[in-house]
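>>> got a predicted model here, sequence first, then my questions.
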Amino acid sequence: MDATKPLIAPAPVSDKPQSWTLRVRQMIDRGLPIDHLLPDRQPYYVGSWVYVFGVVTIAALAWVIVSGVVLSFMGPQWWHDSGVGRFFNSLHYWSVQLFFIFMVLHLWGQYFMAGWRHGRAATWMIGVVIFGISILTAFTGYLSQQNFDAQFIALNAKDAMNGAGIGAFFNVLNFGQMYGLHVMLLPIGVTFLVVVHIVMVRMRGVVKPIDAEGTAR
Amino acid sequence: MDSPATYLHWGFILISVPNLLVIAGMLVLFAVALVAPFPHGAEADDGRH
Amino acid sequence: MNKSIAETQEEYYRGVRMVPYDLLKELVLALVGVGVLTVGLAVIFSSPDVPPVTIAAWAQNDPADFVTTATGELAGATTSAGYGNPYNTNGPGQAWGPIAPQKWFGTRIPIDSASTFVIQPLQRASLGNADLGTAVTAWQAAKPDQQTTWLDAYTKALAGATVKDGKVSVAAGDYGPLPVMMSSLLGVAQSGGLDGLLVINGRFYQTDYTQALVFMGDGGYLAGLAAQAKLTGSQWGMMNETGSYPGQTWLWLYTMWYQVFPFNSSSGMIGLNAGNADLGIIILMTVLTGALALVPLIPILRDIPRWLPIHRLIWRSYYASKRTTA
């Protein structure tokens, strides 16, 4: 028994250990050892400002969430009646604008770098899904404003939803439904997928330049 | 900021000036990111790959 | 056994020069930088908040439009009255050939326009108003032909209505109990009572504004304000925000289709036109979004980055070093 590591089974272990915990830990060790999750080095070709758009998108999302948490804590009417509330709404509004700006710049960068190569197609696809769900999150946010903009967006959008049949289940005129989706379900979805996206990037590392040596394409 | 925006109309395109500024700003920002020099810390390679 | 992804990453980077790169410092700098930008924008520009329109405001500012809309609800002539699912089965809804999802999912949000927007509120308001009660009873008792005759006459007269002191007057004629009903409904609306009735709808706690919004949508007042703010569909409205604020620029492609053929034409092509534009465009955008997600698998789309020299700018130091060592 290895006295220095009392929580871990003594080596060697069989190829197919019975412990589920051990199997999961080995899977993580094989796929994402901690020095791949938090490397302190990068390939030297990671040397363009285009690479920065991903992390500033994450930063913008962090500000969206922080300002959103404050707004949801105080309730959906607070920002209409309070100067401080209006300020937090402004933080939320502008961080959302920055989030979409940086996300699209990140998309452009990854497209022109063909970032899906060498086994990274799923990372790209998850990114597009995040884009779609972000649009849906923003949409429910606009519908939750309880002002003139929200009224007209709801009235206009209902025709698109109804024309496609989803209006029967997703009623943009139902503030309660839209608000619940906006403050809870959709942010959880976006955050979860962003974490998956980042883990996938860290597992495979940054893609090599197009036509780099040692690569097929 | 509450007064109505100015809109530009070219053919079938109708766009507000603020929206146009955002889109133009994004294109400029992308172009700058492409060409601006990126500070490389240490060019050193300690041999670990 | 397959190589682990961690091992393949070691192989992938074999021979590649690695340099120090502080990811967490970069994240913190990004958080601070974006934070400063966000706070700055919030302090300088604030955010838009145009107050919502109420039925009371509509009835006070454009009583003729209000009464015309309410009459239209009784006549079954408004957008909501003939909408189709999910509100009712009075219209076919949008369809493209056999694709008719609007019809498929049923009447899950039932709205009977005449009853919901006119008769029920008037029945509630007639408690304590004998004249109104008599008028509503007379209306309910009349034969449909008689109701139609009154409605046709009153609708025609409303085209030349005059407004004085918030009241709507029309030329003399035989409109049955309609003038009393409409004048009462207008009074209830102007007091704010109709907002209350349509939102609360007999309950107390309520978070669903469907009825009040659909009723306002049937009229011209809110639509007129929206057109002034350039929010309507034919004005690239999906992208726009009230005031001088940037809107939803990321929706440019979605809203663009409404401005182009066939979606802006009544005749259109291959069965797509302005009449089923919502359905057609949602289908189109679903396909395009799917294509974006599947770019790695789509020839030509996935090869364009190789053909364009943009990546040569991004990785210029790499390509330069390869040239010198080649």
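Structure's in. What do you need?

>>> can you get me a residue count around the residue in the stretch 151-300 of chain C that chain A sits nearest to?
Nearest residue of the stretch 151-300 of chain C to chain A: residue C:207, at 2.9 Å (Cβ to the nearest Cβ). For every residue, glycine as well, the C-beta is placed using N, CA and C. Counted by other Cβ atoms under 10 Å in any protein chain shown, the residues lying close to residue C:207 total 13.

>>> are we agreed that it is in a helix?
No. Inclusion of residue C:207 in a helix is not indicated when DSSP: H, G, I helix; E, B strand; the rest coil is applied; the result is coil.

>>> what's the helix or strand for the closest residue to it other than its chain neighbours?
Nearest residue to residue C:207, sequence neighbours excluded (Cβ to Cβ, 6 or more residues apart in numbering or on different chains): residue A:176, at 2.9 Å. Assessed by DSSP states H and E, residue A:176 sits inside helix A:175-180.

>>> list the buried residues in the helix or strand just after that helix.
Moving toward the C-terminus from helix A:175-180, the next helix or strand (DSSP H and E) is helix A:186-204. Buried positions in helix A:186-204, judged by neighbour count with 16 or more other Cβ atoms under 10 Å in any protein chain shown: A:186-187, A:189-190, A:193-194, A:197-204.

>>> among those, which ones lie close to chain C?
When Cβ under 8 Å from any Cβ of the partner chain is applied, the members of the buried residues of helix A:186-204 adjacent to chain C are A:203-204.

>>> can you tell me which of the buried residues of helix A:186-204 is nearest residue C:106?
Nearest to residue C:106 among the buried residues of helix A:186-204 is residue A:186, at 25.7 Å by Cβ to Cβ.

>>> for residue C:261, see how far away residue A:25 is.
Counting by Cβ to Cβ, to the nearest Å, the gap from residue A:25 to residue C:261 is 59 Å.

>>> what do you get for residue A:203?
46 Å.

>>> excluding chain neighbours, what is closest to whatever residue of chain A ends up closest to chain B?
Nearest residue of chain A to chain B (Cβ to the nearest Cβ) works out as residue A:49 at 3.9 Å. Using Cβ to Cβ, 6+ apart and skipping residues adjacent in sequence, the residue nearest residue A:49 is residue B:33, 3.9 Å away.

>>> and the residue of the stretch 51-200 of chain C nearest chain A?
residue C:101 (2.8 Å).

>>> ok, that residue - contacts?
Neighbouring residues of residue C:101 by Cβ atoms under 8 Å, 6 or more residues apart in numbering or on different chains: A:163-166, C:279.

>>> same thing but 7 Å
By Cβ atoms under 7 Å, 6 or more residues apart in numbering or on different chains, the residues touching residue C:101 are A:164-165.

>>> with the one 10 residues further on instead?
Taking Cβ under 7 Å, 6+ apart as the criterion, residue C:111 is in contact with C:80, C:87-88, C:211, C:214.

>>> ok so, going back, quick check: the residue nearest to residue A:49 touching residue A:51?
No. Using Cβ atoms under 7 Å as the test, residue B:33 is too far from residue A:51 to be in contact (8.8 Å).

>>> hang on, residue C:301 in a helix?
No. Under three-state DSSP, residue C:301 sits outside any helix and is assigned coil.

>>> any weak-confidence spans in chain B?
Within chain B, the stretches with pLDDT under 70 are B:41-49.

>>> give me the residue at the spatial middle of chain A.
residue A:194 (2.6 Å; Cα atoms, centre = their mean).

>>> any idea how far residue A:100 is from the nearest residue to that residue once chain neighbours are set aside?
Leaving aside its sequence neighbours, residue A:194 sits nearest to residue A:130 (Cβ to Cβ, 6+ apart; 6.2 Å). Distance check for residue A:130 against residue A:100: by Cβ to Cβ, it reads 12 Å.

>>> now do the contacts for residue 17.
Picking chain A for this. Per Cβ under 7 Å, 6+ apart, neighbours of residue A:17: residue A:23.

>>> switch to chain B, please.
Shown in contact with residue B:17 (Cβ under 7 Å, 6+ apart): B:5-6, B:8.

>>> by neighbours, which of those wins?
residue B:5 (22 neighbours).

>>> for it, phi and psi?
Main-chain dihedrals, residue B:5, degrees, to the nearest 10: phi -80, psi 160.

>>> surely it meets residue B:18?
Yes. In terms of Cβ under 7 Å, residue B:5 counts as a neighbour of residue B:18; the distance is 5.6 Å.

>>> name the residues contacting each of the two.
By Cβ under 7 Å, 6+ apart, the residues touching both residue B:5 and residue B:18 are residue C:244.

>>> for the residue of chain B found nearest chain A, list the residues it contacts.
For chain B, the residue closest to chain A is residue B:33, as judged by Cβ to the nearest Cβ, at 3.9 Å. Applying Cβ under 7 Å, 6+ apart to residue B:33 gives the contacts A:48-50.

>>> by neighbour count, which of those residues wins?
Counting by other Cβ under 10 Å, top hit in those: residue A:50 with 25 neighbours.

>>> once you drop chain neighbours, what's closest to that residue?
In space, residue A:50 is closest to residue A:109, 4.1 Å off (Cβ to Cβ, 6+ apart).

>>> pretty sure residue A:121 sits against residue C:296.
Yes. Between residue A:121 and residue C:296 there is a contact at 3.9 Å, judged by Cβ under 7 Å.

>>> residue C:153: neighbouring residues, count only.
Residue C:153: 17 surrounding residues under other Cβ under 10 Å.

>>> next up, phi/psi of it, please.
According to degrees, to the nearest 10, residue C:153 has phi -70, psi -40.
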